[in-house]
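Engineer: test case, fold it:
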Amino acid sequence: VGFITFFLSSVLDNLTSTIVMVSLLRKLVPPSEYRRLLGAVVVIAANAGGAWTPIGDVTTTMLWIHGQISTVQTMKDLVLPSAVSLAVPLALMSLTSEVNGKGQESADVLASEQMAPRGRLVFSVGVGALIFVPVFKALTGLPPYMGMLLGLGVLWILTDAIHYGESERQGLKVPQALSRIDTQGVLFFLGILLSVSSAIHEI
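Structural biologist: Below is the predicted model of the structure:
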């Protein structure tokens, strides 16, 4: 669970990765001390995984958009510290669990969760679109948000195509997904960007 969250958070933001993994844990693991332990692992892994790529965390994304960091150098410099920051807590948790006699048999808790073929397609295209953003910026020199909008457009066309004519699946299309976005969070970070830009221009 920790390593899945670590790599998922490297292409998604920390909060989204945490919500996705905790939702899966709530569905697959019965309420217990073990589930709470896995929840703590998810939070640690999401924060560690989001630090070593430009698109894995809001802070690094802001720095990357403004040209303060580069994609390759950031990944080279931070992947090892990020991995260590995940490995150390996992090792301590493992030792503590064994000492207390509460160790769990290692099992893939995600193996029983079967995603529908169309769901796998949309998920794969969405993750691929996020990974494509740095490549898009490197190839075209255009701002990263242009690559994000391109990926959104591809997802929009894809979901409209695979759910065409199915009224009961309208909630799975992009317009309905956009309506559930945390607008307050977006406006908060937009305000930060505007404030930083204003301060730079004033200087």
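
Engineer: burial of Leu139, as a residue count?
Structural biologist: By other Cβ atoms under 10 Å, the residues close to Leu139 number 10. (Each C-beta comes from the backbone N, C-alpha and C, glycine too.)

Engineer: ignore the last one, Leu194
Structural biologist: Leu194: 10 neighbours (other Cβ under 10 Å).

Engineer: look up which helix or strand it falls in, please.
Structural biologist: Assigned by DSSP states H and E, Leu194 belongs to helix 183-202.

Engineer: ok, Leu178 to Gly171 distance?
Structural biologist: Leu178 sits at a distance of 12 Å from Gly171 (criterion: Cβ to Cβ, to the nearest Å).

Engineer: Ala129 now?
Structural biologist: Ala129 sits 21 Å away from Gly171, going by Cβ to Cβ.

Engineer: more neighbours, these two?
Structural biologist: Ala129 (20 against 11).

Engineer: can you say which helix or strand has that one in it?
Structural biologist: Per DSSP H and E: helix 117-140 holds Ala129.

Engineer: counting by contacts, list what that helix packs against.
Structural biologist: Packing partners of helix 117-140 (3 or more Cβ pairs under 8 Å, 6 or more residues apart in numbering; DSSP states H and E): helix 71-99, helix 144-162.

Engineer: mean pLDDT for these: which is lowest?
Structural biologist: Mean pLDDT is lowest for helix 71-99 out of the helices and strands packed on helix 117-140, coming in at a mean of 82.

Engineer: show me where pLDDT drops low in the chain?
Structural biologist: 96-115, 182, 186, 189, 193, 197, 200-203 (pLDDT under 70).

Engineer: could you chop it up by domain?
Structural biologist: With domains defined by automatic domain parsing, the chain comprises 1-113, 115-203.

Engineer: for the helices and strands packed on helix 117-140, give me a markdown table that also has mean neighbour count and distance to Arg26.
Structural biologist: Below are the helices and strands packed on helix 117-140 laid out as a markdown table (neighbours: other Cβ atoms under 10 Å; distance: least, Cβ to Cβ, whole Å):
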| stretch | mean neighbour count | distance to Arg26 |
| --- | --- | --- |
| helix 71-99 | 14 | 20 |
| helix 144-162 | 15 | 25 |
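
Engineer: compare those and give me the one nearest Val41.
Structural biologist: Val41 sits nearest to helix 71-99 of all these, at 6.7 Å, using Cβ to Cβ.
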